[in-house]
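Peer 1: Dropping the sequence and predicted coords here.
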Amino acid sequence: MFLAKVIGTVVSTQKNPKFLGMKLLLIQPYITREGELVQSGSSVVAVDSVGAGIGELVMFTQGSSARLTDVTRDSPTDTVIVGIVDTVEIGGKRLAKP
Amino acid sequence: MFLAKVIGTVVSTQKNPKFLGMKLLLIQPYITREGELVQSGSSVVAVDSVGAGIGELVMFTQGSSARLTDVTRDSPTDTVIVGIVDTVEIGGKRLAKP
Amino acid sequence: MFLAKVIGTVVSTQKNPKFLGMKLLLIQPYITREGELVQSGSSVVAVDSVGAGIGELVMFTQGSSARLTDVTRDSPTDTVIVGIVDTVEIGGKRLAKP
Amino acid sequence: MFLAKVIGTVVSTQKNPKFLGMKLLLIQPYITREGELVQSGSSVVAVDSVGAGIGELVMFTQGSSARLTDVTRDSPTDTVIVGIVDTVEIGGKRLAKP
Amino acid sequence: MFLAKVIGTVVSTQKNPKFLGMKLLLIQPYITREGELVQSGSSVVAVDSVGAGIGELVMFTQGSSARLTDVTRDSPTDTVIVGIVDTVEIGGKRLAKP
């Protein structure tokens, strides 16, 4: 899984029927560098399975495992938010959230 | 899933029989950077499962999940368009489509 | 799927028995940039499932979907050529093949 | 699999129920370059399945195979630590651990 | 699949029980550039399924297909060596092995 910040929303009307009712969020991956969370890599469209909101730090799962939530089961989903992150700690120090 | 713009078409006559009747589109991934949609990464050949057309902003799925549409089921497909994107919104601002 | 040009052959005698009789081709991925096909990324070893030959432009599938051809079924294959490309068209213009 | 060093911990309360009781670790991938282990690539959130601790050199598995441990089975996990590394040896020389 | 050279060994005692008896090798991917094999990308830990030795040029499979050998079946493996490469030929010229 990777860490990411929820930065926006995506709306699609003409879509695969399995996506009906799913919340599509735009997320920006974050990595840690020298004890800080810094953004890295491309923004991704993820299905929310945990009630995540804009601005929250989350962790997301990719690939076939993204279908292993009740929300995404059997759907053509390759990215799903699986947790809202409370804390990331390195060397006993709690990292500031972006 | 990632965002992409449909930029072209691909025609293949000598192909795996499971691809018969599938529409193959060339898509260019887009990411968001500083509140704008900018192209990023390599062009990809995707199967269309939602009636997407040239110039449209879409979202696409990769990997085994790309086989989870009625169009692509059991075919050797690793990339499928699963939605036509109406809006991408960041911080209450609707992003201009590329 | 990605576009690629078949650039060579790979021979392996001591290999997984499932690869017996498979044709292993070396392919170079191509992407489109400013309306032209340009090479990009790393050369890959792909199983041929469509009778592709040296110099041809093909499209290939990766991941678990690469096992969904009659040639590669149940084999430890992660890359397979699934079509010989006749034309790639962007904006009504047919791209020159590399 | 890739090599990585365990550098931190991730805590998430609001998460997919399948993650209950799992230990989430932040790991930094390492590669070998000129006979030394050097860090490379993005930090990843991994589920621990072998009792790994902070500072240890481990190897981790990604993708659908990450669900093939007793800890992660049927969960939406795409990254799992599968071993604590004792030694990495190149050319008869044991590499210093980071 | 990608080409790689076997450059080292990895030993892990505390590991997933499915890895018991598996030979873990460190491999360095190689690609072709201007008719030569040059190293590229990150070193990877791969399970050997074909009796590969240090210094040999091999091809390896990633993802779920890495579990499709007798050695790796049902194990949390995402990378396996599936063949020892005899020759790589481009344009009728046999490439020198690294």
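Peer 2: That came in fine, so what should we check first? Numbers count the residues shown, from 1 in each chain, chains lettered A, B, ... in the order given.
Peer 1: hey, let's count contacts and neighbours off CA atoms from now on
Peer 2: Fine.
Peer 1: ok, whatever residue of chain A ends up closest to chain D - contacts?
Peer 2: Residue of chain A nearest chain D, by C-alpha to the nearest C-alpha: A:Gly83 (3.9 Å). Going by C-alpha atoms under 8 Å, 6 or more residues apart in numbering or on different chains, A:Gly83 touches A:Val50, A:Ala52, A:Val58, A:Met59, A:Phe60, D:Ser12, D:Thr13, D:Gln14, D:Lys15, D:Asn16.
Peer 1: Dig out what A:Val38 forms beta bridges with.
Peer 2: On the basis of DSSP bridges, A:Val38 is bridged to A:Ile31.
Peer 1: before we move on, the earlier item: just the buried ones out of the contacts of A:Gly83, please.
Peer 2: A:Val50, A:Ala52, A:Val58, A:Met59, A:Phe60, D:Ser12, D:Gln14, D:Lys15, D:Asn16 (16 or more other C-alpha atoms under 10 Å in any protein chain shown).
Peer 1: And the furthest pair within these?
Peer 2: A:Phe60 and D:Gln14 (12.8 Å; C-alpha to C-alpha).
Peer 1: Just name the closest of the contacts of A:Gly83 to chain E, please.
Peer 2: A:Phe60 (18.6 Å).
Peer 1: Okay, buried residues for the longest strand belonging to chain A please.
Peer 2: Counting by DSSP state E, the longest strand found in chain A is strand A:2-15. Along strand A:2-15, these residues count as buried under the neighbour rule (16+ other C-alpha under 10 Å): A:2-12, A:14-15.
Peer 1: Return that strand as CSV; C-alpha atoms alone will do.
Peer 2: What follows is strand A:2-15, C-alpha atoms only, in CSV (Å, rounded to 0.1, in the frame of the first residue of the first chain):
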residue,chain,number,x,y,z
PHE,A,2,1.0,3.6,-0.4
LEU,A,3,0.2,6.7,1.5
ALA,A,4,-1.8,9.5,-0.2
LYS,A,5,-3.7,12.6,0.5
VAL,A,6,-7.3,13.0,-0.8
ILE,A,7,-7.2,16.1,-3.0
GLY,A,8,-10.3,16.0,-5.1
THR,A,9,-13.3,14.3,-6.6
VAL,A,10,-14.1,12.7,-10.0
VAL,A,11,-17.6,12.5,-11.4
SER,A,12,-18.5,10.1,-14.2
THR,A,13,-22.0,9.5,-15.4
GLN,A,14,-21.3,7.2,-18.4
LYS,A,15,-19.4,4.4,-16.7
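Peer 1: Residue numbers of chain A in contact with chain B?
Peer 2: A:7-16, A:42-46, A:63-64, A:67, A:74-79 (C-alpha under 8 Å from any C-alpha of the partner chain).
Peer 1: For whatever residue of chain A ends up closest to chain B, which non-adjacent residue is spatially closest?
Peer 2: Residue nearest to chain B within chain A: A:Lys15 (3.9 Å; C-alpha to the nearest C-alpha). Spatial nearest neighbour of A:Lys15, chain neighbours left out: B:Gly83 (3.9 Å); criterion: C-alpha to C-alpha, 6 or more residues apart in numbering or on different chains.
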